[in-house]
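Novice: need a 3D model of the sequence below.
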Amino acid sequence: MPRKFGSICNVNGRAVAAPSGAEKILVVEPADGQVSAIELPASIDASKCCKYLSVCNVNRKAVMAPCNAEKILVVDPEASQAWAIDLPFGLDARTEWKYFSVCSLMNRAVAAPLDTDKILVVDPATSKAQARDLPAGIDASRCHKYCSISVASGRAVAVPWNAKRILVLDPATGHASAIDLPAGIDASRGRKFLCACAVNGKAVAVPSGAEKVLVVDPVHGQASARDLPAGIDASRPRKYESVCSMNGRAT
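Specialist: Predicted coordinates:
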C-alpha cells in the first residue's frame, strides 16, 4: 500500500502534510486538536501515487514541488484553500520522480532535481515558477540526483544522492554552482546522502550509503569529510535517513 503522506511542515501553528498516496491535503492544529482535509485542485490527479514528497513554508503558504504530480501545489491552511501552479517552460510535467526535496529561501521555494534536469524556483505570492539550469559539472541526465536540499548561509544546498557533486544556488543572484565532494567520499557511489541540515552556516549531511559525514561551506565553495565515530559500521547501507539541527549540532 502506498504511503499516504510524503512530508510535513509547520505553517503558522498548523501542520500541513503533503499528499503522496493520499487524495487530500492533511492539516492538523495541535492547539485545539482539530484535524481537517483540504481538497486537491481539480487540475491535480488525486489518484496518482507519490504525488508530493516534500513541502516547505513560504510566507504562511505550504509549497509542494511535484514528484509524480504534474503541477506545483500551494496551500493556504488558514483559508483552507489550495491551488495549482503550472511547471515552467523547460520542464516536462510528464516526467516521473521530478523532485524529492524543497526548501524555503528568500520568499521562494527551491527544489533540487531528482530525475528532472532543472532546479525549480517557485514564488507563491505571484503563482509563478522558474526553471534554472544545472551548472557545468553536474550531469543533468543522471537519475536520482538529489534527495535533500537545505538552506545554509542564505544559499540552497543540495547534497548528492546519485549525483557526483554538491549543488548550490544563490537566489539573490540566480547563480548555481557545483562543489566537488571531498577526498574520502566516493563520488561514484550511489545513494550517498539522503538528508542534511544547516548548522552554524554550513550544511551537514549524514551518510546513507556514503561512509563519512559531509560538511559543506557554501560561502567559500568548499566541502570536508568527517569520519564516523567508533562503533558505527561505515560500510552498512542506509545508515541515516533524517537529521536535524539542535543547539549548534547535527543530530
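Novice: now Ser127. Nearest residue, chain neighbours left out?
Specialist: If you skip the residues right next to it in sequence, Ser127 has Ile85 as its closest partner in space, 5.1 Å away by CB to CB, 6 or more residues apart in numbering. To be clear about C-beta, it is placed using only N, CA and C from the backbone, and glycine gets the same treatment.
Novice: what helix or strand is that neighbour on?
Specialist: Counting by DSSP states H and E, the element that carries Ile85 is strand 81-86.
Novice: packing partners for that strand?
Specialist: strand 34-39, strand 71-76, strand 128-133 (3 or more CB pairs under 8 Å, 6 or more residues apart in numbering; DSSP states H and E).
Novice: beta partners of the residue nearest to the spatial centre of the chain?
Specialist: In the chain, the residue lying closest to the centroid (CA atoms, centre = their mean) is Ser101, at 1.7 Å. For Ser101, the beta-bridge partners under DSSP bridges are Ala112.
Novice: ok, back up a step: ok, the residue nearest to Ser127 - contacts?
Specialist: 71-74, 122, 124, 127-129 (CB atoms under 8 Å, 6 or more residues apart in numbering).
Novice: strands along the stretch 101-250 of the chain, start to end?
Specialist: Counting by DSSP state E, counting those that start in this stretch, the segments of the stretch 101-250 of the chain that form strands are 108-113, 118-123, 128-133, 146-152, 155-160, 165-170, 175-180, 193-199, 202-207, 212-217, 222-227, 245-246, 249-250.
Novice: now distance to Phe89 too, for the ones you listed, in CSV please.
Specialist: Converted to CSV, the strands of the stretch 101-250 of the chain look like this (distance: least, CB to CB, whole Å):
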stretch, distance to Phe89
strand 108-113, 16
strand 118-123, 10
strand 128-133, 7
strand 146-152, 22
strand 155-160, 21
strand 165-170, 19
strand 175-180, 18
strand 193-199, 30
strand 202-207, 30
strand 212-217, 31
strand 222-227, 33
strand 245-246, 36
strand 249-250, 38
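Novice: could you save those strands as JSON lines and add columns showing mean neighbour count and distance to Asp139?
Specialist: Below are the strands of the stretch 101-250 of the chain laid out as JSON lines (neighbours: other CB atoms under 10 Å; distance: least, CB to CB, whole Å):
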{"stretch": "strand 108-113", "mean neighbour count": "28", "distance to Asp139": "11"}
{"stretch": "strand 118-123", "mean neighbour count": "23", "distance to Asp139": "13"}
{"stretch": "strand 128-133", "mean neighbour count": "16", "distance to Asp139": "13"}
{"stretch": "strand 146-152", "mean neighbour count": "25", "distance to Asp139": "12"}
{"stretch": "strand 155-160", "mean neighbour count": "29", "distance to Asp139": "11"}
{"stretch": "strand 165-170", "mean neighbour count": "23", "distance to Asp139": "9"}
{"stretch": "strand 175-180", "mean neighbour count": "17", "distance to Asp139": "10"}
{"stretch": "strand 193-199", "mean neighbour count": "23", "distance to Asp139": "17"}
{"stretch": "strand 202-207", "mean neighbour count": "26", "distance to Asp139": "20"}
{"stretch": "strand 212-217", "mean neighbour count": "22", "distance to Asp139": "19"}
{"stretch": "strand 222-227", "mean neighbour count": "15", "distance to Asp139": "18"}
{"stretch": "strand 245-246", "mean neighbour count": "14", "distance to Asp139": "30"}
{"stretch": "strand 249-250", "mean neighbour count": "16", "distance to Asp139": "28"}
